[in-house]
Structures are given as C-alpha cells and as structure tokens.
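> below is the sequence, then the predicted model.
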Amino acid sequence: TLDKARFKMLVSLVDILHLNNSEDIRCKCICPPYKDIAGLIYNQNVSLKDCNCLHVVEPMPVEGKDVEAYCLRCECKYEERSSGTIKGTIIAYLSILGLLLLYMVYLTLLEPILKRRLFGHSQLIQSDDDVGDQQPFANAHDVLSRSRSRSNMLNKVEHAQQRWKRQVQEQRKSVFDRHVVLS
C-alpha cells in the first residue's frame with residue numbers, strides 16, 4: 001500500500017506540474033459571501049473532472065460541516081482557450097497595422113519625392129501669382145500627353161486632380177475679380 005500511495009502521489013504531482021504549465025485551461029470558482037467570510041474568486045489549473053469547489057478552493061475558508069454548505073453556494077466553471085489562436089490573431093492585427101503605417105509613411109514622405117521626379121519640380125511649386133491665363137492650359141497639355149503615354153490608374157487620378165486644381169484656381173480668380181469689381 002505504501003508503493004501505491006507513492007505512485008498516486010507521484011502521478012498527482014506530474015498532473016499538477018503539467019496543468020500548472022498549461023495556461024490554456026482553468027477552473028474558476030466564484031463563491032459569494034458566507035456568514036462572516038467575504039465573497040471570493042478562486043482560479044486553479046485543474047482537469048475538467050476536478051473542477052469543483054473541493055479541488056479549487058484552497059485554502060478552504062471554513063471548516064467541518066460548513067464546507068459542504070459553503071461549496072454548494074460556489075459556482076465553478078471550466079474554461080479552455082487557445083493561446084495559439086490568440087497569438088495568431090494578435091500577430092495578424094499588428095502586421096496589418098504595420099502595413100498601414102508603412103503605407104502612411106509612403107504617402108507622406110516618398111510620394112511627393114516620386115511626383116517631383118515624374119512631373120518635374122516646377123509643376124509642384126506653383127504660386128497663384130505665377131499662374132497666368134494661358135499657363136494652366138499649357139501645363140494641362142503636358143500632363144495630358146504624359147498621362148496618355150502612361151496607362152496606369154495612378155496617372156489618370158493625378159491628371160484628374162490637376163484638372164480639378166486648375167478649375168478651382170480659375171473659380172477663385174473669377175470670384176476675387178468679381179468681388180474687387182463690385183466693391
């Protein structure tokens with residue numbers, strides 16, 4: 001009987017070590033207030049069959065015949081989770097966030113540099129004083145001929161943006177001229 005007791009003790013120690021290393025399972029017991037004892041929450045890494053008040057609540061706050069009454073009030077739930085899935089989800093989320101951050105850096109830092117190389121430095125830095133009545137149409141012809149030679153969508157969008165900017169400049173000019181004439 002001594003060998004059987006030692007064997008059971010050894011098996012239970014191995015189970016305890018295995019379960020303590022495993023953070024994906026736990027038994028959670030919520031015990032409400034009982035007599036003069038405050039309500040407490042107990043967590044233990046135990047197997048499903050041992051998920052009850054007697055195995056999880058340590059140290060037992062009551063003694064003797066009150067143990068059964070105390071344990072009947074406790075609600076124990078066995079919980080499992082997949083830490084691999086949680087880690088994978090977090091890695092995917094951070095990867096997407098990183099890609100969006102890199103795209104933002106590209107849009108704010110690298111895209112203006114690439115535009116200067118493609119369209120020339122002088123077209124990006126134009127003030128309202130430099131823009132005459134004929135100059136926007138001359139630049140529009142250059143931009144239009146360049147966008148026809150390149151057939152990707154980015155150039156089409158840039159062409160529409162340049163056309164919109166010219167229209168806005170013309171509208172501003174006519175509004176300010178009318179305002180000067182009326183006053």
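Okay, I see it. Numbers count the residues shown, from 1 in each chain.

> show me what the helix of greatest length in the chain is packed against.
Ordering each helix of the chain by length in residues (DSSP state H) puts helix 153-182 first. Judged by 3 or more Cβ pairs under 8 Å, 6 or more residues apart in numbering; DSSP states H and E, the packing partners of helix 153-182 are helix 135-149. Using the backbone N, CA and C atoms, a C-beta is placed for each residue, glycine as well.

> check residue 171 and give its pLDDT.
pLDDT, residue 171: 84.

> report the residue ranges of every domain in this protein.
Per automatic domain parsing, the domain ranges recorded for the chain read 2-81, 100-182.

> comparing these by mean pLDDT, which bottoms out?
domain 100-182 (a mean of 68).

> quick one, phi/psi of residue 34?
Dihedral pair for residue 34: phi -140, psi 120, per degrees, to the nearest 10.

> quick one: it and residue 76, what's the gap?
15 Å (Cβ to Cβ, to the nearest Å).

> list the buried residues of stretch 106-122.
Neighbour counts over stretch 106-122 (16 or more other Cβ atoms under 10 Å) mark residue 119 as buried.

> right, I'll leave it there.
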